[in-house]
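Student: sequence first, predicted model second:
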2 protein chains.
Amino acid sequence: MNWGEEAQRRLIEISGCSTDTDGVTRFPFTAEHEAANRLITGWMERAGLSVRMDAAGTLIGRKDGPDSAPTFLIGSHQDSVRSGGRYDGIMGVALGCLALEKLASDGTALPFAVEVLAFADEEGVRFPTALLGPRALAGTVDPAVFEMTDRAGTTLGQALRDFGGEPASVASLKRSPQETLGYLEIHIEQGPVLEQAGTPLGIVTGICGIERNSVTFTGETGHAGTVPMAGRRDALVAAADFIAAIDKAARDLDGLRATIGTLSLKPDVVNAIPRLAELSLEIRDLDDAQRAEFAQFAVRIGNEIAARSQTGFEMVQTYRQPAVPCSAPLIERLSNAAQVEDRPAPHMPSGATHDASAMADLCPIAMLFVRCKGGVSHTPEEFAAPEDMNAAILAAARFLAERTPIISEVLGT
Amino acid sequence: MNWGEEAQRRLIEISGCSTDTDGVTRFPFTAEHEAANRLITGWMERAGLSVRMDAAGTLIGRKDGPDSAPTFLIGSHQDSVRSGGRYDGIMGVALGCLALEKLASDGTALPFAVEVLAFADEEGVRFPTALLGPRALAGTVDPAVFEMTDRAGTTLGQALRDFGGEPASVASLKRSPQETLGYLEIHIEQGPVLEQAGTPLGIVTGICGIERNSVTFTGETGHAGTVPMAGRRDALVAAADFIAAIDKAARDLDGLRATIGTLSLKPDVVNAIPRLAELSLEIRDLDDAQRAEFAQFAVRIGNEIAARSQTGFEMVQTYRQPAVPCSAPLIERLSNAAQVEDRPAPHMPSGATHDASAMADLCPIAMLFVRCKGGVSHTPEEFAAPEDMNAAILAAARFLAERTPIISEVLGT
């Protein structure tokens, strides 16, 4: 059996659980989610797992270990963005099941319990919140999220109840760290690094911290014909200096990513000098200190530009999420498992957030990236090759079956 | 009589001819226009002029000269932008009437006929066209404009007819250049130059040519977290380099004004690299050759930036209007008239377009700028001081009464 081609077949089949055919649109707690869960249940059962859904809507396939051995978790999310692709999220569920199916077909018994988790909602498209499933396991759910509504006015709590979950029981889902060995998530890279490196798999060193800032330059408007250049206080010209300085500085820092993704002007007409330029500055880095230093640099350079252009400058942080490192022992174990013919899989940070970042509050985490075509995701063009998925399944199986006990590595005993 | 204070009184009174009270909103061929024309008729009659409206909706006050002497024209427009000020346009009509009223009260007879013209539509807010009145006199009206409609679906032709004009007769309004001595327009500066120079009046050397260009930089989008800085082709970063280069180069050129007034991004979200930056580049200069050279520079620097940032660059001219120089002999005559106590009025280009630019197709033109507070116009805060308007009235009266014949100067005989 070619595990990668079986993965491809299953991912094509489940991509039909979608509200549209131009890409995959599968939101949590919907008929499409239910249809997907029926297929995933089949995948889990073929791997020898017993299946149930927990109160937070996570579909769980479990195989007990000997005696009351602790549990190792493998997971990802079943939902997609609007008109997304066939791989983001759901591939991790499919490959997790196939890794266990391979181990079972090899007759390999694990010395611990194992679960595959298909989380309901990671993308946060239907409700203005996400990661309910992993947060429930980590005991970090804020009950206020159940009052959040989707566009139709349905609360998350109601949607979950209608789906067979139970908001009131979510708090009781909290797992014991002592009984949880770790968490592995397999995900497409969503970036170009593996493709450029010409290698199918990457070992994630951690999930980057993120901060978002709202930046404004305030100048003075005026008629584009009547105000001489010398007297201008053009907010856009000041913003342009800032954009150039940020890009240049970010390129000089290893691993940091700085992006100005939005920019709007006032008054925004062809024949008036812009009086206001408002832009977003997102900074991501695995190193929280380097990220904070870069934000300080941005404030310093913004103020310098404002002083010399006689404009006003303000930068306000609107969002912050600290970096989540992956577990060093799990990284090592995964590196060994993913190495093919003496060629080690590259280590790399994850610039995007994943279920793993919430799972890190419960247990040691590890992530395995799979090369994706063109580095693109969140579009119907998203693609991972069967042979790359096959490599990921074999790596995950080796990772689990490795004879050194996971628990001694994790707890350092 | 203080002519400046009388001007102020009249401008406050006529500002009531408006659809709103938060600023002046007076569109052409409306009830407000009709009410304004009743007041202007009174101003003209007090100056000893006989009043009629021509087929293009221009209110004309005329005083014949001796025998069949040729005519000198003074004019500006009655209409305003939406929520505009009390001075833009209408001030030139009021001061023209008061200059003639002053000459009449002084008993000064002019050796030529004189007319004050209150044009209907210069701002082009109601219909997507403007300058019907002066174009009619110059014989440059394109009859297609009568089919243009306002938001309510009324054609310009119908609106003009309902107002007492007649589209079919507009072509017959064309004046004879031989019988037209010249045209003087008094207008607020709409810029900060006179205020900064501390002087009430400015002599316009010409009306800048204008070109507008649509500029696009095309890069590649990607996830703000997963695409390393080194591989990015960020359309906004390329555009920022362009904006900085344009501003720097424009500051080095005398009289040129370059403005990037609009900028929009795609996809325009905080966590995605911009793949498209679309911006406007407006260039104004009294020197058409310098303007064209600057546009060539913009293309050259845009291509350079695109090459080094691996983006695509395109610049398409969307609008062009050549510069219109003022008449050298009229500039000299106006300079003499506007000089106060050996202090000459500064010479300056007009960055904005005026009725005079269309009148230049008929006869020599001159423009007198009046200082405005803060350089602002097109807002309710627009303000010109009574003493500055008084200076303009006296200068216009001296300009007209100067004993050297206008005609010999203009025709060089």
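Tutor: Right, received. Where do you want to start?

Student: any chance you could map the strands in chain A?
Tutor: Counting by DSSP state E, chain A has these strands, from start to end: A:50-53, A:59-63, A:71-77, A:113-119, A:180-188, A:201-207, A:209-218, A:257-259, A:263-266, A:276-285, A:312-321, A:324-325, A:347-350, A:365-370.

Student: what about the stretch 301-413 of chain A, any weak spots by pLDDT?
Tutor: For the stretch 301-413 of chain A, the stretches with pLDDT under 70 are A:407-413.

Student: and it, which residues reach chain B?
Tutor: Contacts of the stretch 301-413 of chain A with chain B, taken as C-beta under 8 Å from any C-beta of the partner chain, map to A:350-353, A:375-378. Every residue, glycine included, has its C-beta placed from N, CA and C.

Student: what's near enough to touch residue A:227?
Tutor: Shown in contact with residue A:227 (C-beta atoms under 8 Å, 6 or more residues apart in numbering or on different chains): A:273, B:191-192, B:257, B:351, B:375.

Student: let's see that with 10 Å instead.
Tutor: A:220-221, A:233-234, A:272-273, B:190-193, B:257, B:259, B:351, B:375 (C-beta atoms under 10 Å, 6 or more residues apart in numbering or on different chains).

Student: tell me the one of those residues nearest residue A:157?
Tutor: Nearest to residue A:157 among these is residue A:221, at 47.7 Å by C-beta to C-beta.

Student: re the thing from before, any chance of TSV for the strands of chain A, columns mean neighbour count?
Tutor: Output for those, formatted as TSV (neighbours: other C-beta atoms under 10 Å in any protein chain shown):
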stretch	mean neighbour count
strand A:50-53	14
strand A:59-63	22
strand A:71-77	25
strand A:113-119	26
strand A:180-188	27
strand A:201-207	24
strand A:209-218	21
strand A:257-259	27
strand A:263-266	19
strand A:276-285	24
strand A:312-321	14
strand A:324-325	20
strand A:347-350	22
strand A:365-370	26
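
Student: before we move on, back to that, pipe the contacts of residue A:227 into JSON lines and attach distance to residue B:8 per row.
Tutor: Output for those, formatted as JSON lines (distance: C-beta to C-beta, whole Å):
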{"residue": "A:220", "distance to residue B:8": "27"}
{"residue": "A:221", "distance to residue B:8": "26"}
{"residue": "A:233", "distance to residue B:8": "31"}
{"residue": "A:234", "distance to residue B:8": "33"}
{"residue": "A:272", "distance to residue B:8": "28"}
{"residue": "A:273", "distance to residue B:8": "29"}
{"residue": "B:190", "distance to residue B:8": "18"}
{"residue": "B:191", "distance to residue B:8": "21"}
{"residue": "B:192", "distance to residue B:8": "22"}
{"residue": "B:193", "distance to residue B:8": "23"}
{"residue": "B:257", "distance to residue B:8": "31"}
{"residue": "B:259", "distance to residue B:8": "32"}
{"residue": "B:351", "distance to residue B:8": "26"}
{"residue": "B:375", "distance to residue B:8": "19"}
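
Student: give me the spatial nearest neighbour of residue A:401, chain neighbours excluded.
Tutor: In space, residue A:401 comes closest to residue A:108 once its chain neighbours are excluded; the distance is 5.1 Å by C-beta to C-beta, 6 or more residues apart in numbering or on different chains.

Student: so the one you found is in contact with residue A:63, correct?
Tutor: No: in this structure residue A:108 lies outside contact range of residue A:63 using C-beta atoms under 10 Å: 11.6 Å.

Student: need the residues touching each of these two.
Tutor: residue A:100.

Student: what's the neighbour count on residue A:108?
Tutor: A count of neighbours around residue A:108, defined by other C-beta atoms under 10 Å in any protein chain shown, yields 12.

Student: check contacts around it.
Tutor: A:100, A:102, A:397, A:400-401.

Student: what of residue A:29?
Tutor: A:57, A:79, A:120-121, A:126-127, A:132, A:150, A:154, A:156, A:158-165.

Student: can you give me the distance of it to residue A:158?
Tutor: For residue A:29, the distance to residue A:158 equals 9 Å [C-beta to C-beta, to the nearest Å].

Student: what do these two both touch?
Tutor: Counting by C-beta under 10 Å, 6+ apart, the residues touching both residue A:29 and residue A:158 are residue A:150.

Student: can you dump the C-alpha atoms of the biggest helix by length in chain A in PDB for me?
Tutor: What stands out as the longest helix in chain A, according to DSSP state H, is helix A:288-309. Extracted C-alpha coordinates of helix A:288-309, given in PDB (Å, rounded to 0.1, in the frame of the first residue of the first chain):
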ATOM      1  CA  ASP A 288      10.000  37.300  21.600                       C
ATOM      2  CA  ALA A 289      12.900  39.600  22.700                       C
ATOM      3  CA  GLN A 290      14.000  40.200  19.100                       C
ATOM      4  CA  ARG A 291      10.400  40.900  18.200                       C
ATOM      5  CA  ALA A 292      10.000  43.400  21.000                       C
ATOM      6  CA  GLU A 293      13.300  45.100  20.100                       C
ATOM      7  CA  PHE A 294      12.200  45.400  16.500                       C
ATOM      8  CA  ALA A 295       8.900  47.100  17.600                       C
ATOM      9  CA  GLN A 296      11.000  49.500  19.600                       C
ATOM     10  CA  PHE A 297      13.100  50.200  16.500                       C
ATOM     11  CA  ALA A 298       9.900  50.800  14.600                       C
ATOM     12  CA  VAL A 299       8.800  53.500  17.100                       C
ATOM     13  CA  ARG A 300      12.300  55.100  17.100                       C
ATOM     14  CA  ILE A 301      12.500  55.200  13.300                       C
ATOM     15  CA  GLY A 302       8.900  56.400  13.000                       C
ATOM     16  CA  ASN A 303       9.600  59.200  15.400                       C
ATOM     17  CA  GLU A 304      12.800  60.200  13.500                       C
ATOM     18  CA  ILE A 305      10.900  60.300  10.200                       C
ATOM     19  CA  ALA A 306       8.100  62.300  11.800                       C
ATOM     20  CA  ALA A 307      10.600  64.800  13.200                       C
ATOM     21  CA  ARG A 308      12.300  65.400   9.800                       C
ATOM     22  CA  SER A 309       9.100  65.500   7.800                       C
END
